[in-house]
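Student: Pasting the sequence and the predicted model now:
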Amino acid sequence: MGKGDAKKKEPAGKGKGKQAAGASDEGAKDKGASKGGKGDKLGTCNFVKARHILCEKQGKITEVYQKLQEGWLDSGDKVPPAEFGKLAMQYSECPSGKRGGDLGWFPRGKMAGPFQEVAFSTAIGATSPAFKSTHGYHIVLCEGRRG
């Protein structure tokens, strides 16, 4: 088992073009780094800690985002996680809303499409604009990155 792992790691650093089709994780990291545009750290981390607010209706998530703008974002402040959590408990339609929208640490590849893209490209401490996924409308607060 150890030898197989070593073989997988070695080629990834050498020929990205040859390995891209067979190594989906490395391909995702490379794409994330190029899409992030704000530096490699956003696109290459393996784990992110985030909170979110999920609403089925666009009007409801717009209302929540306006509250965030009026309270913090318009003045250039970052939304404190505790305050974001209060809004998540009040408005989020996701079971995580009971925990203030806290999703904890999750790896790249666990969340679907646009949610993962936003969670992994939002700067630490920043709040994303509202966006749509297959589950509804979200706002994400990135709390940390690692790996």
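Tutor: In hand now; what should we look at?

Student: And whichever strand or helix holds G59, what does it pack against?
Tutor: Per DSSP states H and E: G59 is located in helix 58-71. Packed against helix 58-71, as judged by 3 or more CB pairs under 8 Å, 6 or more residues apart in numbering; DSSP states H and E, are the following elements: strand 47-55, helix 81-91, strand 136-146. For the C-beta atoms, the positions are set from N, CA and C on the backbone; glycine is no exception.

Student: try it again with 6 Å
Tutor: strand 136-146 (3 or more CB pairs under 6 Å, 6 or more residues apart in numbering; DSSP states H and E).

Student: next one: the strand it packs on to chain centre, how far?
Tutor: Distance of strand 136-146 from the chain centroid (CA atoms, centre = their mean, to the nearest Å) equals 5 Å.

Student: Report the buried residues of it.
Tutor: Using 16 or more other CB atoms under 10 Å as the test for burial, strand 136-146 gives G136, Y137, H138, I139, V140, L141, C142, E143, R145.
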